[in-house]
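*Asks:* sequence plus predicted model, see below.
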Amino acid sequence: MTTDALIDIKGVTHAYQTADGPLPVLNNLNVSVKEGGFAAVVGPSGCGKSTLTRLIAGLMKPDTGEVWLHGERVKSPRSTVGMAFQNPVLLEWRSILKNVMLPLEIVPTKLTNTQKEDRARELLSLVGLEGFEDKRPSELSGGMRQRASLCRSLVHKPEVLILDEPFGALDAFTREDLWQTMHALRAEEPFTGVLITHDLRESIFLADQVLVLSGRPATTQYVMDIPTDAPRTLDDLYTPEAAERLNILRHQIEIAQGRATDEGEAA
Ligand SMILES: Nc1ncnc2c1ncn2[C@@H]1O[C@H](COP(=O)(O)OP(=O)(O)OP(=O)(O)O)[C@@H](O)[C@H]1O
């Protein structure tokens, strides 16, 4: 296969088999993310965003179409994909450090135990959790737990990081802090990312490409490229360019929901 895309989803169609018959979820979906790219996926509730992440991670196979990661067809679960979700599932009987080290116990690695620990400590320090390594998850705030969960999803240096609404349960200020942490992490530890979110500001702040999926069964309805020439700051969200991008995306979501048409008229 000749493509410079690290993630290449080609013509994927999928339906879940339910008691009421097939539920078509994805319809001829095409998504391409280049190495080091960061794509945000937005779309109406229930349109198939999480299904897309399961396909990338190899947790399920599409009915038709192909999923490729780094030039290899995905047919089974991939340990080279890291995932973080809205509710970080940290194990209460393990310290924060040991929680972060968990993937290194599961995914084959040549690191010694000391190197594994150093790696986990380094990431925890990068997200501002130095000094909390020996705490239990319940001793941390929600934002701190999510930081630890991000470290855990990156500790084995995955090719792809999938973030499924990881900041959705956090208050607005903590969420903005975490957005900046994401940029810091990416600067230190470049990865290819796919972020599922309902927050359009989050999508334009974090991603270099925003994909709007149509209503179910989802197809790629609109793609917005966001150039990344300089490090982003929260002030960038209050510029006329940001306002225009948010307006375009909001309108596209309304089209996906069937509440507006292409011409901007109410449906
Ligand atoms: N294992 C399953 N079996 C049957 N139906 C499923 C299954 N998983 C998801 N669905 C249905 O498929 C549709 C798409 O689900 P999915 O979780 O991918 O959507 P989503 O866009 O991530 O949703 P949300 O925005 O609400 O998080 C939903 O209608 C959901 O109920």
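*Replies:* Sure thing, it's come through.

*Asks:* look at Lys75 and report its pLDDT.
*Replies:* pLDDT recorded at Lys75 is 88.

*Asks:* any idea how far it lies from the ligand?
*Replies:* According to CB to the nearest ligand atom, to the nearest Å, Lys75 stands 19 Å off from the ligand. Every residue, glycine included, has its C-beta placed from N, CA and C.

*Asks:* Asp199 touches Ala169, doesn't it?
*Replies:* No - between Asp199 and Ala169 there is no contact under CB atoms under 8 Å: 11.8 Å.

*Asks:* please name the nearest non-neighbouring residue to Thr64.
*Replies:* Leaving aside its sequence neighbours, Thr64 sits nearest to Thr13 (CB to CB, 6 or more residues apart in numbering; 4.7 Å).

*Asks:* if I've got this straight, the one you found is in a helix?
*Replies:* No - counting by DSSP: H, G, I helix; E, B strand; the rest coil, Thr13 falls outside a helix, being strand.

*Asks:* burial count for it?
*Replies:* Other residues near Thr13 number 16, with proximity taken as other CB atoms under 10 Å.

*Asks:* and if you look at the one 10 residues further on?
*Replies:* By other CB under 10 Å, 13 other residues sit near Leu23.

*Asks:* counting contacts, what elements does the helix or strand that Arg121 is a member of pack onto?
*Replies:* Assigned by DSSP states H and E, Arg121 belongs to helix 113-126. Applying 3 or more CB pairs under 8 Å, 6 or more residues apart in numbering; DSSP states H and E, one finds that helix 113-126 makes contact with helix 96-106, helix 142-154, helix 172-188.

*Asks:* mean confidence score for the shortest one?
*Replies:* Per-residue pLDDT values over helix 96-106 give a mean of 94.

*Asks:* what angle do that helix and helix 113-126 make?
*Replies:* Angle, helix 96-106 to helix 113-126, by axes from the mean of the first three to the mean of the last three CA atoms, to 10 degrees: 130 degrees.
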